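Visitor: sequence below, structure please.
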Amino acid sequence: MIRILHQIFKTGIVTEPLSPSDESKVIVAGSRLEEEILKRFRKSLTIRLVDAGSCNACELEIHAVNNPYYNAERFGVHFTASPRFADMLLVTGPVSRNMEAALKRTYDAMPSPKLVAAVGECAYNGGIFRDSYAVRNSVSEVIPVDAFIMGCPPAPADILNGILTAVRRQRP
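Guide: The predicted model follows:
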């Protein structure tokens with residue numbers, strides 16, 4: 001618990017009103033993402049979010065992607081509660097042993113082609129939970145991953161760029 005609090009204080013506030021330079025980064029990333037979505041999915045990209053055992057910092061940043069500052073909906077990115085309608089799976093956290101089977105079932109329920117982006121340091125290598133008896137560390141140990149979105153937590157603009165990276169890996 002102390003390690004988590006230390007990490008929170010070290011990171012500070014990530015989501016704030018956008019400065020003009022940050023807004024231009026989001027618009028550039030979003031415009032590229034919108035082009036790829038229109039080319040590959042014809043209309044919109046539907047994403048299912050799965051928290052596989054994280055501290056919830058990455059989820060807060062993913063929710064910020066949909067807030068009025070970032071507004072990912074304008075670029076054609078939508079979130080769904082059902083994996084059966086999802087084009088992409090966003091996974092946060094080191095996969096806990098209790099969530100391993102649920103994550104596999106969610107992945108199996110998705111229609112093909114299946115895109116997966118692992119969000120945050122914990123999803124990449126276990127982060128501060130690494131080598132704990134209760135986690136599998138990386139998401140890639142459980143399901144195939146198309147893109148890793150680095151950061152603890154990653155900024156919303158980085159999340160948009162990571163989604164773009166995963167979408168570009170899919171064949172048109």
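
Visitor: by mean pLDDT, point me to the weakest helix or strand of the protein.
Guide: For the chain, counting by mean pLDDT, DSSP states H and E, helix 2-11 ranks last in confidence among helices and strands (a mean of 80).

Visitor: do I have it right that residue 110 meets residue 48?
Guide: Yes - here residue 110 reaches residue 48: they are 7.3 Å apart, a contact under CB atoms under 8 Å. C-beta: built from backbone N, CA, C; applies to glycine.

Visitor: what touches both of the two?
Guide: Taking CB atoms under 8 Å, 6 or more residues apart in numbering as the contact rule, residue 110 and residue 48 both touch 83, 86, 89.

Visitor: where does pLDDT dip in this protein?
Guide: 13-17, 171-172 (pLDDT under 70).

Visitor: mind checking how far the nearest residue to residue 72 once chain neighbours are set aside is from residue 84?
Guide: Spatial nearest neighbour of residue 72, excluding adjacent residues (CB to CB, 6 or more residues apart in numbering): residue 65 at 4.6 Å. Here residue 65 is placed at a distance of 22 Å from residue 84 (CB to CB, to the nearest Å).

Visitor: looking at these two, which one has more neighbours?
Guide: residue 65 (25 against 10; other CB atoms under 10 Å).

Visitor: right, and that one touches residue 160 too?
Guide: Yes - using CB under 8 Å, residue 65 makes contact with residue 160 at a distance of 6.6 Å.

Visitor: mutual contacts of the two, please.
Guide: In contact with both residue 65 and residue 160: 72, 77, using CB under 8 Å, 6+ apart.

Visitor: beyond the longest strand along the chain, next helix or strand please.
Guide: In the chain, taking DSSP state E as the definition, the longest strand is strand 45-51. Next helix or strand after strand 45-51 toward the C-terminus (DSSP states H and E): helix 57-65.

Visitor: listing partners with orientation, what would you give for the longest strand of the chain?
Guide: Using DSSP bridges, strand 45-51 pairs in its sheet with strand 77-79 (parallel), strand 88-92 (parallel).

Visitor: got the buried residues for the first one?
Guide: What that stands for is strand 77-79. 77, 79 (16 or more other CB atoms under 10 Å).

Visitor: now stretch 58-72: buried residues?
Guide: Those would be 58, 59, 61, 62, 64, 65, 70, 72, for stretch 58-72 by 16+ other CB under 10 Å.

Visitor: does the third one really touch residue 160, like I thought?
Guide: If I follow you right, that is residue 61. No - if you go by CB under 8 Å, residue 61 and residue 160 don't touch, sitting 10.7 Å apart.

Visitor: the longest helix along the chain vs strand 45-51, what angle?
Guide: Criterion DSSP state H: the longest helix present in the chain is helix 20-41. Angle, helix 20-41 to strand 45-51, by axes from the mean of the first three to the mean of the last three CA atoms, to 10 degrees: 110 degrees.
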